[in-house]
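**Student:** This is the structure alone, sequence omitted:
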């Protein structure tokens, strides 16, 4: 199952899209009302500010700098046209469904049409993705942009097509304007395209040019409005500091906030580097394990909503059932992905996809781990799980060395998962009665 494969048929992709649209629309209709918690309210507040009479959608009048701009602007335009944030959820249902054919095409190019179909089906019904389609977090926009960007990158590489590379760069640039951490991966994707010499140099240049032309205007806007070079946003600096300091987070946030929207994050970045270099050697393994337990643990935002009673007070048994509906599929996905990773070989496409998985994970090990942040790499797990499913049904079985590798990866996964399993199982929202 290695090497470039033909993409899936348009008919199969259309059916996957319609199935994903139906599942997400049904969830929107039946999900109980939930109050907003965490940054969900902040995204809506930013959208209201952008759509206000004072700003009027003008980037030069907006004070937005902490977060990337694209998702707040999408929310602002949508709520202005549709009238309510409840109506905007239908836009997000469409965005969530658009991810599915992208996942299927990428998996199909990497592992063949059957792997693409299985990966697409996993994306259709995967509970975390369905849940996010009805809540206001930027991943609902980020994921389709990112994975259609990956699909166009693979298309450009397969045909040495500069037009596909331009489309990939545009999509990747839009993804950067939704989550700034992807900026660090753009040069690596360009290098991967150029690696296919000499035909890859043109697509690589087209990809990087499109990225620059997409992100550049917002970087120029940041300089005009704030007088400082900020490629996309500043909040990542604060997240880096929070992940590398032992100081109370409230204290850190208050100190950096008092310095201003640009000077504060700049100070946070400098302090984060000092903090990261000042710890004793034994601190670093504990930090990596802590961040990976948060990043890959069984927690997710739907469980966190239950913990904070966002749906109102409900019984522990209801909380257990609702939590199991997201946690059990996640554990099954990880088990299949471990088997798939043990059985996979390395080719050009997997260097890109597995490299992104590893790089994105290491980035959050160095900075800050949280369950929501793993969503961009889930499609790689869908591919690995799809190949494992096909192997279990059709063979061939893993050889002795591959079985040992699967065992080692499984034990590592269990070690990372154990703290979050214990924390969730022992939390009062599932272990004590609600008044």
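**Tutor:** It's in. Quick caveat: nothing in here was measured; it's all calculated off a predicted structure. Numbering: from 1, shown residues only.

**Student:** what about the helices in the stretch 201-350 of the chain?
**Tutor:** Remark: helices assigned in the stretch 201-350 of the chain by DSSP state H, counting those that start in this stretch are 201-226, 235-242, 249-258, 263-278, 283-296, 301-307, 316-343, 348-366.

**Student:** now swap in the stretch 51-200 of the chain and tell me
**Tutor:** Shown for the stretch 51-200 of the chain, the helices assigned by DSSP H, counting those that start in this stretch span residues 70-82, 85-111, 113-125, 127-132, 139-159, 162-176, 186-194.

**Student:** can you list the ones you listed in JSON lines and add mean neighbour count and mean pLDDT?
**Tutor:** For glycine as for every other residue, the C-beta is placed from the backbone atoms N, C-alpha and C. Putting those into JSON lines (neighbours: other C-beta atoms under 10 Å; pLDDT from 0 to 100) gives the following:
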{"stretch": "helix 70-82", "mean neighbour count": "19", "mean pLDDT": "98"}
{"stretch": "helix 85-111", "mean neighbour count": "24", "mean pLDDT": "97"}
{"stretch": "helix 113-125", "mean neighbour count": "24", "mean pLDDT": "96"}
{"stretch": "helix 127-132", "mean neighbour count": "23", "mean pLDDT": "97"}
{"stretch": "helix 139-159", "mean neighbour count": "24", "mean pLDDT": "96"}
{"stretch": "helix 162-176", "mean neighbour count": "24", "mean pLDDT": "97"}
{"stretch": "helix 186-194", "mean neighbour count": "19", "mean pLDDT": "96"}
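
**Student:** Please convert those to a markdown table, extending it with distance to residue 427.
**Tutor:** What follows is the helices of the stretch 51-200 of the chain, written out as a markdown table (distance: least, C-beta to C-beta, whole Å):
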| stretch | distance to residue 427 |
| --- | --- |
| helix 70-82 | 30 |
| helix 85-111 | 28 |
| helix 113-125 | 26 |
| helix 127-132 | 19 |
| helix 139-159 | 24 |
| helix 162-176 | 34 |
| helix 186-194 | 39 |
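
**Student:** nearest to residue 311, of the ones you listed?
**Tutor:** Closest to residue 311 of the helices of the stretch 51-200 of the chain, according to C-beta to C-beta: helix 127-132, at 11.8 Å.

**Student:** I'd like to know which elements that closest one is packed against.
**Tutor:** Applying 3 or more C-beta pairs under 8 Å, 6 or more residues apart in numbering; DSSP states H and E, one finds that helix 127-132 contacts helix 10-30, helix 85-111, helix 139-159, helix 301-307, helix 316-343.

**Student:** now the third one: how far from the chain's centre is it?
**Tutor:** Taking C-alpha atoms, centre = their mean, to the nearest Å, the mean C-alpha location of helix 139-159 is offset from the chain mean by 13 Å.
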